[in-house]
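Peer 1: Dropping a prediction and its sequence here:
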Amino acid sequence: MQFFNKNHFYFFKLFAALQIRSSRPSSDEDEDNQYSDASDGNSSDETYSPSESERDSSESERDDEDDDITDDEDVIKDTDFPQIYTKKVTKSSTTKTGKKKKFDRRYDVKHFCPYCKKLVINFCQHISSKQHSTEPEMIQIHNAKKAAGNDTGKCKNQTRLITLFRNKSDNYHNCKVIKKKSGEMIIGRRLTKGPFSIKDYGPCPGCLEWLRLTMLRRHQQNCPSSTNVPLTIGDLMVQSNVISGRIECNPSTKMLAEVYPTMKSDHIGDVAKSDGLIVLLGNQWFIRNIGNPLMRRYYVSAIMRLCARLLIALRKMVIPSTGIRMEDYLVPAYFQHVARAALKVANQDDMDEENLRAPSSALKLSYDIKRLLDIKVGVAIKTGNKQMREEADDFLTLMKIEWSTKLERELLEERKAEKTRPMPLPSDVKTLAAFYKKESEEMDLKNSSYDNFKRAGLIALASLVVYNRHRPGGVQAMK
Ligand SMILES: [Zn+2]
Ligand SMILES: [Zn+2]
């Protein structure tokens with residue numbers, strides 16, 4: 001029976017893995033593949049918007065251009081990570097068809113489309129196209145134009161909204177490139193020559209445009225973000241680094257030595273180990289369980305993996321992709337998503353963490369979400385980020401008021417669909433207990449053959465689990 005279960009289990013896992021590969025269009029793997037597509041740089045008709053002030057003119061005076069830029073000469077590689085590169089400003093005086101151009105600059109920049117999840121040319125035209133016209137962000141942008149009473153031309157507020165949306169999407173893409181240490185970085189102002197080092201760049205905390213860090217201060221005067229508070233250059237740089245995920249929240253040395261080797265290094269494990277808030281949560285859990293040297297590594301690993309699965313679920317659920325880190329999702333706007341993702345993760349039919357199927361684990365997960373939010377508040381205070389702090393505080397308030405009702409309602413629905421599971425009959429329990437008793441009494445303890453030893457172990461462990469049904473994990477910690 002034992003062996004059958006084990007084989008069955010592996011078969012199931014294999015099967016599940018195959019299914020995931022073949023049928024999930026928006027899985028992380030696919031998303032990553034998009035990046036390699038995007039970075040091969042085959043481009044046709046292109047428009048480049050050089051800076052906010054030039055943007056409008058560049059679009060109206062666009063030349064018919066059809067250049068392919070895949071040459072190494074057109075990119076500048078990062079000095080530390082040769083897989084990271086940025087496109088140079090390139091010039092040509094004629095179009096591909098040989099026509100003379102008004103300006104010799106080539107408009108060939110690509111931006112990230114969060115709906116298609118790839119780099120696209122002529123961003124403004126692309127997102128305004130019919131295929132994306134029903135996306136909430138596009139409707140909002142369209143409404144801004146209407147509100148200005150201007151149905152034909154462009155209005156200032158609309159341009160601003162598009163800029164902010166484009167920066168947010170590019171920032172998402174750039175953070176991913178940094179994490180992968182490979183791909184094209186999209187920076188606000190392209191360079192004409194090297195050297196290029198991504199260390200010198202970061203997003204503006206207001207509008208998320210990627211700029212040279214030393215330029216952040218000056219940029220604040222022209223920043224299109226309206227929620228802009230005057231900040232010192234130090235604040236700006238720290239906030240920028242937090243946003244791009246470069247302030248790493250390091251695991252404690254004990255975590256590295258004990259928990260990380262225990263944790264399975266699959267996709268979930270990778271996400272758990274690379275997300276700042278989740279790592280900090282792991283540190284906290286480790287300290288809290290310091291008195292339990294035998295089991296603490298498993299507890300911490302389990303909780304980190306659980307949160308990583310929540311994050312993975314959120315990345316798939318929130319469209320367009322908002323961010324790759326946990327803190328991006330712990331904002332009031334995604335409260336509903338977080339609640340739904342928590343339930344999904346807690347009830348997932350996953351063989352990996354077997355005791356998560358109980359509905360109460362969604363409630364358990366809420367304690368960890370609260371703790372993640374506390375950590376977010378901490379990071380916000382340390383970096384002086386008021387907006388981040390407000391977001392976390394508001395989310396915590398929402399959790400206090402709405403979380404349990406929201407979960408309860410969903411759970412009730414779920415239970416309705418579930419078949420009633422009868423309690424075991426006392427007579428059955430009695431029979432089982434009698435069986436174990438009889439078996440252990442009849443066991444020939446002098447027989448030291450492998451089979452007999454195994455049987456003795458099996459009966460002893462089974463009896464223990466039956467005896468202490470509440471904590472089946474305790475058997476694991478026995479010496
Ligand atoms: Zn698109
Ligand atoms: Zn800005």
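Peer 2: That came in fine, so what should we check first? Ligands and ions are numbered 1, 2, ... in the order given.
Peer 1: need the strands for the stretch 151-300 of the chain, in chain order.
Peer 2: Remark: strands assigned in the stretch 151-300 of the chain by DSSP state E, counting those that start in this stretch are 183-184, 201-203, 210-212.
Peer 1: in its sheet, what does the second one sit against?
Peer 2: Which is strand 201-203. Paired strands of strand 201-203, with direction, are strand 210-212 (antiparallel) (DSSP bridges).
Peer 1: which residues touch the strand it pairs with?
Peer 2: 167, 170-171, 174, 185-189, 200-204, 219 (CB atoms under 8 Å, 6 or more residues apart in numbering). For every residue, glycine as well, the C-beta is placed using N, CA and C.
Peer 1: give me the number of residues near the nearest residue to Met295 once chain neighbours are set aside?
Peer 2: Leaving aside its sequence neighbours, Met295 sits nearest to Ala477 (CB to CB, 6 or more residues apart in numbering; 5.2 Å). The number of residues packed near Ala477 is 11, by other CB atoms under 10 Å.
Peer 1: cool, Glu442 as well?
Peer 2: As a measure of burial, Glu442 has 7 neighbours, counting by other CB under 10 Å.
Peer 1: and the gap between it and Asp80?
Peer 2: For Glu442, the distance to Asp80 equals 69 Å [CB to CB, to the nearest Å].
Peer 1: Counting neighbours, what do you get for His132?
Peer 2: His132: 16 surrounding residues under other CB under 10 Å.
Peer 1: May I have the predicted confidence score for it?
Peer 2: If you check His132, the pLDDT there is 91.
Peer 1: Return the residues in contact with it.
Peer 2: 113, 115, 126, 138.
Peer 1: Report the contact partners of whichever residue of the stretch 351-479 of the chain sits closest to ligand 1.
Peer 2: The nearest approach of the stretch 351-479 of the chain to ligand 1 comes at Glu391, 27.2 Å away (CB to the ion). When contacts are counted by CB under 8 Å, 6+ apart, Glu391 touches 330-332, 376.
Peer 1: isn't there a strand covering it?
Peer 2: No. Applying DSSP: H, G, I helix; E, B strand; the rest coil, one finds Glu391 to be helix, outside a strand.
Peer 1: Gly323 versus that one, what's the distance?
Peer 2: When Glu391 is compared with Gly323 (using CB to CB), they lie 12 Å apart.
Peer 1: you'd agree Asp374 is in a helix?
Peer 2: Yes. Asp374: assigned to a helix according to three-state DSSP.
Peer 1: can the strands of the stretch 151-300 of the chain go into TSV with extra columns for mean neighbour count?
Peer 2: Listed next are the strands of the stretch 151-300 of the chain as TSV, based on neighbours: other CB atoms under 10 Å:
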stretch	mean neighbour count
strand 183-184	22
strand 201-203	25
strand 210-212	20
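Peer 1: Out of the ones you listed, flag the one nearest Ser244.
Peer 2: Minimum separation from Ser244 across those (CB to CB) falls at strand 201-203, 5.3 Å.
Peer 1: and that closest one, anywhere near ligand 2?
Peer 2: No. Using CB under 5 Å from the ion, strand 201-203 stays clear of ligand 2, coming no nearer than 8.2 Å.
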